[in-house]
Structures are given as C-alpha cells and as structure tokens.
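S.K.: Just need the structure, nothing else, for what follows:
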Amino acid sequence: MHSDRAAGTVRRWPALAVCLVAAFMTLLDVSIVNVALPTIREGLHTSEAGLQWVVSGYALTFGLVLVPAGRLGDARSRRAVFMFGLALFTVASALAGAAQGNTWLIMARLLQGVAGGILNPQVAGLIQQLFRGAERGRAFGALGSVIGLATAAGPLLGGAIIALVGPEEGWRWVFYVNVPVGVAALFLARWLLPAPIYGERQGLDPPGVALLGAGVLCVLLPFVQHQQWQGSLKWLLLPAARR
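M.R.: All right, here's what the predicted structure looks like:
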C-alpha cells in the first residue's frame, strides 16, 4: 500500500503535465487558426461565411459538449473520457490538415471542438482527484497559466508555422502539428493517469443534458452567426435559452 501511495505521489505531477499539454493544444486551436485564414481562403477558395464557421464552429461545439462531458467523466472514468477526447482531437486535426474543400474543413473543425469540449473538463476533474490542499491550488494555478499562454501564443505560433512551411501548405501544418503531440500524449496518459475507481455509478440524466445543450446552443448561436445571420430575430434565442 505504501509503495502504491508513493508511486501515486511521484506520478501525479507528470500526470498533470500530460493534462496541461492536452489542454494547451485544444485551447491553442481557438486562436491559432486566425492567422491561417487568408491562406485557407486562397487554398480552398473559402467564402467569408465559411471562414466564420472555421473559426466559430470550433467554439460552438466546444461549448455544447463541455458540461455533459464533465458529467460523463465524473460518472464513468475521467482517464477513459480524457483519452477518448484526446484521440478524437488528434484524428480531427489530421482531417482538418488534409481538407480538400471548405465543407470538409468545417466538419473537421466542428469535430475538433467536440473533442476539445470532451477533454477539457477531465483536466479539472483529474486535478481534483490527484491533488489536495495547497498542491491543488498550485495545480489549478498552472492550468490558469496554460489557458492564458495558449490564448496569447496561438497567433504567434500560427504565424511562425506558416512562415516556416510557406503559405500554400502552412495552414495545413497549423492542424498537423497537433498529431504527433496528441499521439505522444495518448501513450503517456495511458501510463500516468489514474485508473478509474468503480463504485456506485451516477446517472447521466439524458433529458437534462439535452435541455442544457439546447440552452447553450441558443446562447452561442446568435454570437457565432452574428455577421451571417442578418436581422434581429436571432436575438430571440437568448430569452428562449432561459426557459
């Protein structure tokens, strides 16, 4: 028992590092794509509406699954849900980089957002599971730093990748760069993250999840489609979200 406890003490900080790398990667994709929009427009002949979906579709699906995914991780296995989200994000990044048309890229971005929304709640849950007291505060502080760094580094890293690879293929590598990082993180997650403790499983409340998802959609959609959805009718979705 003492050796297991010591192993857990040694491994929790490397486990946190894996979680933070995955969180950084998914949050980076919120802003890194902005720099690539001009080259995406030229490479795929994408319309302004299409570019808007490439940017905001990610945030939309990210927000839609965030709470249900957190509930799922609490009820089942945070490690399994984390690894599923990470694997899905890695595959979606490869699909986005290989996109041959506007619709393909938009669907890959929507899938990336789903994967990011699945993965990120597990990071907070794993911090709660792995750390206690002052160490938990430091772990959450590290997570906050990663969130801020990912937001700031996105445009810089995106510009550096495009400058290094070139404008024709650079936008693809904005997405491809996630693939080797995701694969490495998957192997480390399987090794370092704590195995699930199976006890009395909580219910997932599908009707509640569906209602919550509908409410989040009503809140986010008017902002996501602010430029493309002309008129004021879209704002009627906001009071509908309170029902």
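
S.K.: ok, then the element right after the helix or strand containing Glu135?
M.R.: The secondary structure element spanning Glu135 is helix 133-165 (assigned by DSSP states H and E). The helix or strand immediately downstream of helix 133-165 is helix 167-176, counting by DSSP H and E.

S.K.: lowest-confidence helix or strand of the protein?
M.R.: helix 237-241 (a mean of 58; mean pLDDT, DSSP states H and E).

S.K.: quick one on the thing from earlier: and the helix holding Glu135, which residues are buried?
M.R.: For helix 133-165, burial by neighbour count (16 or more other Cβ atoms under 10 Å) applies to 139, 142-143, 146, 150, 153-154, 157-159, 161-162, 165. In this view, the C-beta of every residue, glycine as well, is placed from N, C-alpha and C.

S.K.: which residues in this protein form helices?
M.R.: Remark: helices assigned in the chain by DSSP state H are 2-44, 48-75, 78-97, 102-130, 133-165, 167-176, 178-192, 206-224, 237-241.

S.K.: other SSEs contacting the helix holding Glu135?
M.R.: helix 2-44, helix 102-130, helix 167-176 (3 or more Cβ pairs under 8 Å, 6 or more residues apart in numbering; DSSP states H and E).

S.K.: The buried residues of helix 133-165: which two are farthest apart?
M.R.: Spanning the widest gap among the buried residues of helix 133-165 are Ala139 and Val165, at 35.1 Å by Cβ to Cβ.

S.K.: angle of the helix holding Glu135 against helix 167-176?
M.R.: 160 degrees (axes from the mean of the first three to the mean of the last three Cα atoms, to 10 degrees).

S.K.: Check the offset of helix 133-165 from the chain's centre.
M.R.: 13 Å (Cα atoms, centre = their mean, to the nearest Å).

S.K.: Can you report the mean pLDDT over the residues of it?
M.R.: Mean pLDDT, helix 133-165: 92.
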